[in-house]
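Participant: after the sequence you'll find the predicted model.
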Amino acid sequence: MMLGEKIFAQAMILAGQPEEQEMLRVLCRITADSLLSRLKEGLTEEDCQEALVNGGSLYALAAWNGVQGSEDVQELRAGDLTIKRGSEQSGTSAETYRAQAEKMLRPYLKDPFAFLGV
């Protein structure tokens with residue numbers, strides 16, 4: 001199974017079988033491509049596959065949640081994370097997912113920002 005499909009399978013579990021499955025599948029493929037292009041020099045997908053799937057599913061859910069804008073997942077379980085649905089803090093969930101994904105993937109990804117000169 002390709003990385004995008006593994007991320008999609010986990011995101012489906014975390015999202016609770018959303019109606020917009022095809023949109024989530026596309027977001028997962030985009031996430032997989034993006035993460036693979038940002039791997040640190042010398043690392044392969046196989047070196048950090050579990051982190052890519054877990055962090056990738058959070059990135060994809062962040063994107064999907066931003067598109068949906070309806071009921072948000074307040075908390076979710078990916079590894080040590082837990083899912084709770086609700087809509088109390090609707091604007092913060094996508095940011096929370098992204099922040100958690102970045103923490104999970106930090107050891108494996110190149111720094112997205114670089115100063116090339118002044």
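Facilitator: In hand now; what should we look at? Numbering: from 1, shown residues only.
Participant: quick one: residue 7 and residue 58 touch, right?
Facilitator: No: at 9.4 Å, residue 7 does not count as touching residue 58 under the criterion of CB atoms under 8 Å. C-betas here are computed from N, CA, C, even on glycine.
Participant: next one: stretch 53-63 to chain centre, how far?
Facilitator: Its chain's C-alpha centre and that of stretch 53-63 lie 1 Å apart, by CA atoms, centre = their mean, to the nearest Å.
Participant: look up how far residue 93 lies from residue 12.
Facilitator: 17 Å (CB to CB, to the nearest Å).
Participant: same check, this time on residue 48
Facilitator: Distance from residue 48 to residue 93, by CB to CB: 25 Å.
Participant: one more: residue 28?
Facilitator: When residue 28 is compared with residue 93 (using CB to CB), they lie 17 Å apart.
Participant: more neighbours: which of those two?
Facilitator: More crowded of residue 28 and residue 93, by other CB atoms under 10 Å: residue 28, with 28 against 23.
Participant: ok, that one - contacts?
Facilitator: 4, 5, 7, 8, 11, 56, 57, 60 (CB atoms under 8 Å, 6 or more residues apart in numbering).
Participant: nearest to residue 108, of those residues?
Facilitator: Among the contacts of residue 28, residue 56 lies closest to residue 108 (CB to CB), at 11.0 Å.
Participant: gap between the most centrally placed residue in the chain and residue 24?
Facilitator: Centre of the chain computed as the mean C-alpha position; nearest residue by CA atoms, centre = their mean is residue 59, 2.1 Å away. To residue 24, residue 59 is 12 Å away according to CB to CB.
Participant: hmm, which helix or strand of this protein has the shakiest average pLDDT?
Facilitator: Every helix and strand of the chain was ranked by mean pLDDT, DSSP states H and E. The lowest is strand 72-75, at a mean of 54.
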